[in-house]
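In: fold the following and give me the result.
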Amino acid sequence: MIAQSDDTVIVEGNHYFPIGSVNADLLAPSEHTSICPWKGTSSYYDIVVGGETNAAGAWYYPEPKDAAAEIRDRVAFWNGVVVTA
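Out: Below is the predicted model:
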């Protein structure tokens, strides 16, 4: 399990987990970034589990724009990561 929380924020269908609920031992900083016009510039983590790396499998917005302030200090997942309730 990478993250667990009853306090996720859903934006555009993605669950953003509080950073404190994420197992930081499974994350490695990535050089990958992307830009969203209304959320800002995202940074990524590689997810490393059992010697396997999911490149840029998690992302976050270090300085989200005001419209996306609710996702500050939160991490979302994609690229094969399954989020279940």
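In: quick check: bridge partners of residue 9?
Out: Per DSSP bridges, the residues bridged to residue 9 are residue 16.
In: tell me the SS of residue 25?
Out: What DSSP: H, G, I helix; E, B strand; the rest coil gives for residue 25 is helix.
In: ok, it to residue 70 distance?
Out: 26 Å (C-beta to C-beta, to the nearest Å). C-betas here are computed from N, CA, C, even on glycine.
In: ok, now residue 60?
Out: Applying C-beta to C-beta to residue 60 and residue 70 gives a distance of 13 Å.
In: and the two? Which one has more around it.
Out: Comparing residue 60 with residue 70 by other C-beta atoms under 10 Å, the one with more neighbours is residue 60, at 20 against 11.
In: which of the three states applies to the nearest residue to that one once chain neighbours are set aside?
Out: Spatial nearest neighbour of residue 60, chain neighbours left out: residue 75 (4.7 Å); criterion: C-beta to C-beta, 6 or more residues apart in numbering. Here residue 75 is strand, with the state taken from three-state DSSP.
In: what residues are bridge-paired with residue 75?
Out: residue 17, residue 60.
In: for residue 13, see how far away it is.
Out: 15 Å.
In: likewise residue 59?
Out: Separation of residue 59 from residue 13 (C-beta to C-beta): 14 Å.
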